[in-house]
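> What follows is a protein structure lacking sequence information:
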């Protein structure tokens, strides 16, 4: 089957690297290749060891290619980390056509004008996401293509990252033999997997709790209007457990998953659990309540930082759809209820996997929200290309691929 029938997602996180190969067919995606490997060279979304990161990507690539029986050379790739920043900006142009009908060229030009802001030399634009357009000062327009007017305006959400962090990530990807279709912000990718159109319209906060960071994205009126990255995630909870109970980090992670709970007062103080010691020669006995007393403060810190981010967005009164938690950290028992208490908003756990078939029965876990979201994002972009809706992001991606082709 031609490669053009496949979409590839590469999610490079702090705890795991996940590669999915999806066969696109109308509105459905059939998973034909899936591979996961430990993320050995990433901390808080940033490459700290090139060789180990390349090894993790290559390990996934080899297994997924063998499973799907196809060679892969390009993918949609997630990006996150504390170096990510965002802002909102506006652009305005005169409609160029003699009949004053708005064309794709006008839409490209107005987005280009919205890029005219002071971008530090050490930063690079990852996304230019139109929030809404205006025609002759009439706002709230989603798609002005073909409309009549003299002046076209746009409000965009701009996501940027550090050049060095992006270059190091891409160096690992290219060394593994993959060219980026696009880099996609992790929370934005996850939104395609776990948020409904109604939630995005009503106003919703997406909280993606990963291993090293927590990504936040606020959607109002169907568009993303705010994004942020908090430098705390599930790994910090595990580290707290390892230190507090003097147990290996691997055992701490297991304890968090199997016996952890985010609200300590709900756990019987007499319930006992076994804690392996670092040397593995002894077993300590502690109460499960003590374990949860270690977990709760860190989770409270994360949710309070999320609350601060929501306040910073200025959208508190527009979030009728509440909060959707996803990512591996959302699986901690009691976390949604603790989030509701701190945020003062209804919270649900977002599980991906709808409209998917093929291998991987466990893909309904929130841990795979970003990878599955990348596949759905890829389907959307392919549809835009097929319909002729070529955005500036698409041109940027093509330019990047051409540069890599000639460089190689």
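Nice, thanks for sending it over. This one's a predicted model, so the numbers in the text were calculated from it and none came from an experiment.
> Can you mark which positions in stretch 206-221 are buried?
For stretch 206-221, burial by neighbour count (16 or more other Cβ atoms under 10 Å) applies to 206-220. In this view, the C-beta of every residue, glycine as well, is placed from N, C-alpha and C.
> Distance across it, terminal residue to terminal residue?
Start and end residues of stretch 206-221 are separated by 14 Å (Cα to Cα, to the nearest Å).
> Quick one: mean pLDDT for it?
For stretch 206-221, the mean per-residue pLDDT is 94.
> do stretch 261-274 as well
Averaged across stretch 261-274, the pLDDT comes to 94.
> Stretch 95-114 now?
Across stretch 95-114, the average pLDDT comes to 91.
> what do you get for stretch 133-149?
93.
> any idea how far residue 206 is from residue 137?
Noted for residue 137: a distance of 31 Å to residue 206, by Cβ to Cβ, to the nearest Å.
> Check residue 171 too.
29 Å.
> Is residue 258 in a helix, a strand, or coil?
For residue 258, the assignment made with DSSP: H, G, I helix; E, B strand; the rest coil gives helix.
> separation between it and residue 241?
In this view, residue 258 and residue 241 are 12 Å apart by Cβ to Cβ.
> When these two are compared, which one has more neighbours?
Using other Cβ atoms under 10 Å, the more surrounded residue of residue 258 and residue 241 is residue 241, with 25 against 9.
> hmm, back to that, which one of the buried residues of stretch 206-221 is nearest residue 127?
The nearest member of the buried residues of stretch 206-221 to residue 127, counting by Cβ to Cβ, is residue 217 at 11.0 Å.
> is the closest one in a bridge, and if so with what?
Bridge pairing for residue 217 (DSSP bridges) gives the partners residue 206, residue 227.
> got the contact list for it?
Residue 217 makes contact with 185, 187-188, 190-191, 205-206, 208, 224, 226-227 under the criterion Cβ atoms under 8 Å, 6 or more residues apart in numbering.
> And for residue 133?
Here residue 133 is in contact with 107, 110, 139, 141-144, 152-155 (Cβ under 8 Å, 6+ apart).
> Doesn't it lie inside a strand?
Yes - applying three-state DSSP, one finds residue 133 inside a strand.
> buried sites along the strand or helix carrying residue 165?
For residue 165, the element it lies in under DSSP states H and E is helix 163-175. Residues of helix 163-175 classed as buried: 165-166, 168-170, 172-173 (neighbour count, 16+ other Cβ under 10 Å).
> Give me the contacts around it.
10, 12, 41, 45-47, 50, 53-54, 57, 75, 77, 79, 81, 83, 121-124, 126, 179-180, 183, 404.
> Those residues, buried ones only, as a ChimeraX selection?
Command for ChimeraX, covering only those of these found buried under the criterion 16+ other Cβ under 10 Å:
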select :10,12,41,45,46,47,53,54,57,75,77,79,81,83,123,124,126,179,180,183
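> Which neighbouring elements make contact with the longest helix along the chain?
The longest helix of the chain (DSSP state H) is helix 288-313. Applying 3 or more Cβ pairs under 8 Å, 6 or more residues apart in numbering; DSSP states H and E, we find helix 288-313 packed against strand 204-209, strand 214-220, strand 223-230, helix 234-245, helix 249-259, strand 272-276, helix 335-343.
> Point out the one among these that comes closest to residue 303.
helix 335-343 (4.2 Å).
> In the closest one, which residues are buried?
By neighbour count with 16+ other Cβ under 10 Å, helix 335-343 contains the buried residues 335-336, 338-340, 342-343.
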